[in-house]
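In: Return a 3D structure for these sequence lines:
(one chain, ligands or ions: 2)
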Amino acid sequence: MVEMMWAAMLTRPGQRLEIRRVPVPEPGQGELLVRLEASGVCHTDVHVRGASDFPGGAPRPLILGHEGIGKVVTQGPGATRIPLGARVGVPWLHDTCSHCRECLTGWESFCATHRAHGYTVHGSFAEYAVVKEAYTLAIPDQLEPAEAAPLMCAGVTAYGAVRKAALEPGKRCAVFGCGGLGQYAIQLAKLTGATVIAIDANPAKLEAARALGAAETYLAGPEAGTKIRAAGGADACLNFAPTPRVWPTIAEAINPLGWIISVAMVAEPVPLVLEWLTYNGVRITGTSVGTRQELMDLVAIAAHHGLRIPMERIALGEVDAGLDRLERGEVEGRLVIDLARGLPRA
Ligand SMILES: [Zn+2]
Ligand SMILES: [Zn+2]
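Out: Numbers count the residues shown, from 1 in each chain. Ligands and ions are numbered 1, 2, ... in the order given. Predicted structure coming up:
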């Protein structure tokens with residue numbers, strides 16, 4: 001008899017998620033079956049559900065979710081490194097090609113043919129998920145599953161941005177946008193010894209930023225750039241604010257030879273004068289999720305130092321309504337499915 005599980009499935013892009021009974025997947029060669037304990041809900045899930053970002057070739061229906069944490073319950077053939085019962089992650093990366101230049105030079109998250117959970121393969125909005133043993137990681141006991149879940153995408157994205165910013169004591173790092181990702185970035189930037197500056201349009205978010213270690217806070221607006229300049233500028237600007245309106249402030253605040261790191265998905269163009277780059281040597285780059293090594297390092301940092309962000313726990317059956325609230329900007333911090341909160345009735 002085939003064992004069944006509950007899963008939140010997207011039948012067709014643009015439709016609502018359906019909570020359904022489906023067969024528990026079987027792990028193939030080098031794969032592990034994970035019984036999920038928690039799964040973070042990400043803005044990318046909103047885009048996938050809404051069809052604005054539904055990848056070609058994805059299974060239909062598709063189980064969304066790429067911030068899963070759970071325990072290994074079955075080892076597929078050839079999967080022997082991670083023992084049964086170990087707590088592991090179901091992160092964004094399901095696997096990569098492992099032979100392109102990006103994969104071979106330590107930039108695997110930029111692999112053009114990588115596959116992602118809840119995107120090109122089934123994800124973690126379910127009771128069980130299948131991961132590649134080579135692409136998952138052990139989650140230390142110090143981290144509670146719901147607390148570890150958002151590290152799998154939001155946390156590692158913020159960590160990737162901080163790592164690219166070349167921070168050290170004496171450097172000044174400006175974090176634009178102080179939601180969940182920005183809050184991770186503030187804490188991670190502070191751990192480098194840099195002075196952290198927070199910018200947000202919401203005074204309450206600035207207060208939270210200060211509590212997490214930001215030394216200076218600025219309300220977003222036309223004056224912010226001049227004020228940051230007057231206080232010493234920024235050697236790195238990390239943008240987590242999904243709006244082109246931050247650009248004038250970034251251009252004003254950034255110091256010569258500084259790093260501008262683009263994280264938020266800003267589709268609209270911003271004015272960039274090349275002569276300005278010629279004179280000041282500013283470096284501009286982008287970042288998206290992270291490599292397996294970055295994820296392991298981040299989990300170790302979180303276990304050792306603790307990383308705090310506000311979190312709201314929901315049941316699996318509440319995930320579709322949760323995506324609605326996320327879309328409307330009504331969620332404080334991160335939304336996390338806690339499987340301990342119960343399952344729908346069969
Ligand atoms: Zn995500
Ligand atoms: Zn590759």
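In: any weak-confidence spans in the stretch 201-346 of the chain?
Out: 346 (pLDDT under 70).
In: Three-state assignment for V196, please.
Out: Recorded secondary structure, V196: strand (DSSP: H, G, I helix; E, B strand; the rest coil).
In: That one: how many residues sit nearby?
Out: 28 (other C-beta atoms under 10 Å). Using the backbone N, CA and C atoms, a C-beta is placed for each residue, glycine as well.
In: Over to G258?
Out: For G258, using other C-beta under 10 Å, the count is 24.
In: OK, contacts around it?
Out: Counting by C-beta atoms under 8 Å, 6 or more residues apart in numbering, G258 touches 233-237, 282-283.
In: And G182, how far from ligand 2?
Out: With distances taken as C-beta to the ion, to the nearest Å, G182 is found 29 Å from ligand 2.
In: give me every residue that touches that residue.
Out: When contacts are counted by C-beta under 8 Å, 6+ apart, G182 touches 158, 175-176, 198, 200, 205, 209, 238, 240-241.
In: The stretch 151-300 of the chain: strands as residue ranges?
Out: 172-176, 195-200, 216-219, 234-239, 254-262, 283-286 (DSSP state E, counting those that start in this stretch).
In: now the contacts of G182 as a markdown table including neighbour count?
Out: Output for these, formatted as a markdown table (neighbours: other C-beta atoms under 10 Å):
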| residue | neighbour count |
| --- | --- |
| A158 | 31 |
| V175 | 36 |
| F176 | 29 |
| A198 | 28 |
| D200 | 25 |
| K205 | 21 |
| A209 | 25 |
| L238 | 32 |
| F240 | 27 |
| A241 | 25 |
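In: Let me have these in a markdown table, adding distance to G89 as columns.
Out: Below are the contacts of G182 laid out as a markdown table (distance: C-beta to C-beta, whole Å):
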| residue | distance to G89 |
| --- | --- |
| A158 | 16 |
| V175 | 25 |
| F176 | 28 |
| A198 | 28 |
| D200 | 29 |
| K205 | 28 |
| A209 | 27 |
| L238 | 24 |
| F240 | 22 |
| A241 | 27 |
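In: that older thread, could you dump the strands of the stretch 151-300 of the chain into JSON lines with distance to ligand 2 added?
Out: Listed next are those as JSON lines, based on distance: least, C-beta to the ion, whole Å:
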{"stretch": "strand 172-176", "distance to ligand 2": "30"}
{"stretch": "strand 195-200", "distance to ligand 2": "34"}
{"stretch": "strand 216-219", "distance to ligand 2": "40"}
{"stretch": "strand 234-239", "distance to ligand 2": "26"}
{"stretch": "strand 254-262", "distance to ligand 2": "22"}
{"stretch": "strand 283-286", "distance to ligand 2": "18"}
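In: for the stretch 201-346 of the chain, what spans make up the helices?
Out: With DSSP state H, counting those that start in this stretch, the ranges of helices along the stretch 201-346 of the chain come out as 203-211, 224-230, 247-253, 274-280, 292-305, 319-327.
In: for P27, what are its contacts?
Out: Going by C-beta under 8 Å, 6+ apart, P27 touches 33, 74-76, 79, 130.
In: same thing with A264?
Out: Here A264 is in contact with 177, 239-243 (C-beta under 8 Å, 6+ apart).
In: repeat for G180
Out: 150, 154, 309-310, 333-334.
In: List the contacts of stretch 316-336.
Out: Under C-beta under 8 Å, 6+ apart, the answer for stretch 316-336 is 6, 8, 16-17, 19, 38-41, 43, 45-46, 49-50, 67, 125-127, 146, 149-150, 154, 179-180, 183, 309-314, 337, 339, 341-344.
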